[in-house]
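Chemist: the sequence and its predicted three-dimensional model are supplied below.
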Amino acid sequence: MNTELKTQHREVQPEREHTKSATLTESLVEAIVSGEIAPGSKISEPELAKRYQVSRGPLREAIMRVEGLGLIERIPHVGARVITFSPEKLVELYAVREALEGMAARLAARHITPEELVGLEAVLSTHSHHIDEVEGASYFHQHGDFDFHYRIILASRNSKLIALLCDELYHLLRMYRYQSPRAQSRPVEALEEHKFILQAIRNRDEELAEMLMRRHISGSRALIAQQILKD
């Protein structure tokens, strides 16, 4: 292999490794969020390398990324483990979410485009059609609700808010919802609250949009607190 070919080979390899690591990160995130890799379980590089048929390089990079998303934590003298949700962690998570998503709703009322408003209206229309079906509550509980919030966050046009909420808190919330009792779902009430939030954003009422969003998330937090007391 001549010098030029060697150089090209070295350039292609890191790119392939990076792509493999990104795909592996997605696989690890989904496995943790869904509970396929159980909360509290130890992260074993040999086991994961065998499971996903990858070398240690891309795997370690993927694990670092998942750790950055808050789904893996390193405990002294124990090593890397999948996080577990405690009542304290959930209260913290929802307190942060309430503040940040309230801000996102305020900014969305200022910056949202007519096309984005149409998209939000379509989302709520889809939710309405699903809510009375057999799997309606499940759909709304795990997917539809996120879609509505996700679109508002993007409409805020604030890159830091988008990174914090969509890349970090988003996966933690998905993990909690996948693994929490269905009794905590309140699709009908949440849909009505979403409609009021959308109306405030449509009217460009920044203060009302923020207040309604904060109240909406606070209601979810109260529901979680009730469940914790029952347990």
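Modeler: That came through fine.
Chemist: ok, now which ones touch the spatially most central residue of the chain?
Modeler: Central residue check for the chain by C-alpha atoms, centre = their mean: the C-alpha nearest the mean position is that of Tyr170, 1.6 Å away. Under the criterion of C-beta atoms under 8 Å, 6 or more residues apart in numbering, the neighbours of Tyr170 are Phe146, Tyr150. To be clear about C-beta, it is placed using only N, CA and C from the backbone, and glycine gets the same treatment.
Chemist: ok, it to Tyr178 distance?
Modeler: With the distance defined as C-beta to C-beta, to the nearest Å, Tyr170 ends up 13 Å from Tyr178.
Chemist: worst-scoring helix or strand of the chain, pLDDT-wise?
Modeler: When the helices and strands of the chain are compared on mean pLDDT, DSSP states H and E, helix 136-139 comes out lowest with a mean of 49.
Chemist: who touches the helix or strand that that one is followed by?
Modeler: Once helix 136-139 ends, the next helix or strand along the chain (criterion: DSSP states H and E) is helix 145-155. Identification of contacts with helix 145-155 by C-beta under 8 Å, 6+ apart yields 101, 104-105, 107-108, 111-113, 116, 119-120, 123-124, 127, 161-162, 165-166, 170, 173-174, 187, 190, 194, 197, 201, 213.
Chemist: how about stretch 38-48?
Modeler: Residues from elsewhere that reach stretch 38-48 (C-beta under 8 Å, 6+ apart): 28, 54, 56, 59-60, 63, 72, 78-85, 179.
Chemist: tell me the most packed of these, by neighbour count.
Modeler: In terms of neighbour count, Leu28 stands highest of these at 25 neighbours, by other C-beta atoms under 10 Å.
Chemist: enumerate every residue touching it.
Modeler: For Leu28, the contacting residues are Ile37, Leu48, Ala62, Ile63, Val66, Leu71, taking C-beta under 8 Å, 6+ apart as the criterion.
Chemist: how near is it to Ala80?
Modeler: 11 Å.
Chemist: between the two, what contacts are shared?
Modeler: Counting by C-beta under 8 Å, 6+ apart, the shared contacts of Leu28 and Ala80 are Ile63.
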